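**Student:** take this sequence and fold it.
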Amino acid sequence: MISFRSPPFVSLALLVAAPTLALAADISLDNVSLPTDERGKIMFKHIDLVDANITTEEANKLFSGALSRDAVADLLGKLKAARIAVNEVSVTSDKPGSVVFRDLKGEGIDQGVIAHLSLGGVDADFPGDTGGAITLKSQKISIDGVQIQNLADAIKTGQASAARARISRAAWGGFDLSAPDKDTPAGADGGNLIRIHLNSAEAEQSYEGDAPAKSSFVANGFSVAMPRASQAGATLTALGFDKIEATMKFAGAYQAANKTFVLDDYSIDFAKLGSIGVSAKLGGVEKSAFGGDAAATSAAIQASEVQSVQLKMVNAGALEKAVALTALSKSQTPDAVKADWSMIAAQGPMLAPNIPAAATLSQGLLKFIANGKSLTLALNAKSPAPKLSELRGINDPAQVVARFDVAAAADGSAPPLVSPMAAPPAQIAEPAPAQKLTGLAAWSALVGNTISGKDSDGLPLSEFYAPNGVVKQLDDDETATGKWILRGENVCFIFPDEKEESCYKVEVAGDIATFIDEDGDGKRYKILKGNAKNL
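**Tutor:** Here you go, the predicted model:
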């Protein structure tokens, strides 16, 4: 709702959004206060209007909220200025915390058009409900070619959705946001703050008349770091990460003449994991899909035809991490997990006999699991191309897939699958050569099992590693219960009488596990199935 007793972003928008006429005057205002409600206000430290066509009195009333909605709409309907600049805007209320906007500038303001809009930065700080503070530090934001349509009507009616903004280009210098995780105690090891970071973002938009022509967006270096003590943080640590980092992209083009929208790229590229991307082509797309009220937009989108869709997955470590985590949770070897997945994929045609594309998808998945490089699924609509509304109304996946020609492409070849029941006895009995496992894969082979050998004093030592992070130890005749946690490629242990963790690299070959300390010295232990010592 557009009002002068409203959230700060609305009042800041009114600062620079507006149409104008002709009188040139320079106006300066100091310490102007705009109430947002009975408990809060926006304080403009210093405002400069250059070559403006309104009076000082009108400017004062505009920024102090002394005008009615209709009067605000009329004033903005004639406002013109070469530049409006505010060095600092602070937002306060009766609650703890503050928000400060720095160096807000609008240039070339003329009848709903702003040639250039910029914000130097934002600093916000609020106490969290569960301990710790919520903080935001935003870098510079620059926007070119701003056009705000129907602003006056939106102000008069109080319906913010009636105003539509268009931009030609936007650039953001990124931000840092931290907030406490409600499920992690504030005093936990490493704290309880979730940290979100963005390096930079850019967006561009071109138009043909009222319809968008080309659109693009990219967000670089978006990352999320969870508290180390949280479940998500422990999972990231087990995967060898302290954060998840990604780059996001979008690029699309609309051709009004033939009513087609082509999604060239909608992808997320995860650092050290891989990427997933979607491209598509829609037909019969009316201009109202990109403007008008919400109902008209939704109706136009639902009436569009899905002509083609392509999904591409590129693996750069994600498959191996997923296999290792599954092996860890099921107390299996990574090879056993991949074998299980392959058997499931191979059964696709039998599980879905009414879907002709099941065999194609099955072969693609088998190749991807075996070679771990990339998988591309392509769907091309059969004539007539189905509308989005039709596809949403179909509950049977077989009927949806039947409207498309389906292709699957992956690197390499699918391995032959032999059912253990069909294999000759010699094949079943013949053991596979021992494969050396390291890191997460090695540790997954030990979880749920026992190692047995000798400690540094030559006394008998056995340890059982439970899946819930507990280690049970029998050292000579003494028992102890401690904790284990994965830290990157290392596994670390701590017992109640110890102040620091002891960390090791682990290697597994057959039924032998080797623990290598930070000096590079290793000890070998025999692996026993399950809790062999009843610890």
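**Student:** which regions of this protein sit below the pLDDT cut-off?
**Tutor:** 1-24, 130-131, 152, 159-163, 292, 350-354, 413-435 (pLDDT under 70).
**Student:** what ranges do the helices span in it?
**Tutor:** 8-16, 56-64, 69-76, 151-157, 231-238, 294-303, 318-330, 334-346, 348-351, 358-371, 388-392, 397-401, 425-429, 439-446 (DSSP state H).
**Student:** and the chain, what are its domain boundaries?
**Tutor:** With domains defined by automatic domain parsing, the chain comprises 1-166, 436-528.
**Student:** I'd like the distance between Ala73 and Leu67.
**Tutor:** As judged by Cβ to Cβ, to the nearest Å, Ala73 and Leu67 stand 9 Å apart. Backbone N, C-alpha and C define where each C-beta goes, glycine included.
**Student:** which other residues reach stretch 528-535?
**Tutor:** Residues outside stretch 528-535 that contact it (Cβ atoms under 8 Å, 6 or more residues apart in numbering) are 448-452, 462-464, 472-474, 479.
**Student:** would you write a ChimeraX line that selects the buried entries of the residues you listed?
**Tutor:** Those of those that count as buried under 16 or more other Cβ atoms under 10 Å are selected in ChimeraX with:
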select :448,449,450,451,452,462,463,464,472,473,474
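**Student:** which among the contacts of stretch 528-535 gets closest to Ala378?
**Tutor:** Gly448 (40.9 Å; Cβ to Cβ).
**Student:** for the closest one, which non-adjacent residue is closest in space?
**Tutor:** Ser331 (3.3 Å; Cβ to Cβ, 6 or more residues apart in numbering).
**Student:** could you do Lys321 as well?
**Tutor:** Leu239 (5.1 Å).
**Student:** report the contact partners of that neighbour.
**Tutor:** Applying Cβ under 8 Å, 6+ apart, we find Leu239 in contact with 321, 325, 440.
**Student:** which of those residues has the most neighbours?
**Tutor:** Neighbour counts for the contacts of Leu239, by other Cβ atoms under 10 Å, peak at Leu440, which reaches 24 neighbours.
**Student:** ok, the nearest residue to Leu104 once chain neighbours are set aside to Trp172 distance?
**Tutor:** Counting by Cβ to Cβ, 6+ apart, Val86 is the residue found nearest to Leu104 once chain neighbours are left out, at 4.5 Å. As judged by Cβ to Cβ, Val86 and Trp172 stand 19 Å apart.
**Student:** of those two, which one has the most company?
**Tutor:** Counted by other Cβ under 10 Å, Val86 and Trp172 do not tie: Val86 has more neighbours, with 23 against 19.
**Student:** isn't the more buried one right up against Val100?
**Tutor:** No - using Cβ atoms under 8 Å, Val86 is not in contact with Val100; the gap is 11.4 Å.
**Student:** list the contacts of the residue nearest to Leu104.
**Tutor:** Counting by Cβ under 8 Å, 6+ apart, Val86 touches 15, 44-48, 101, 103-105.
**Student:** quick check, nearest of those to Arg228?
**Tutor:** Phe101 (33.5 Å).
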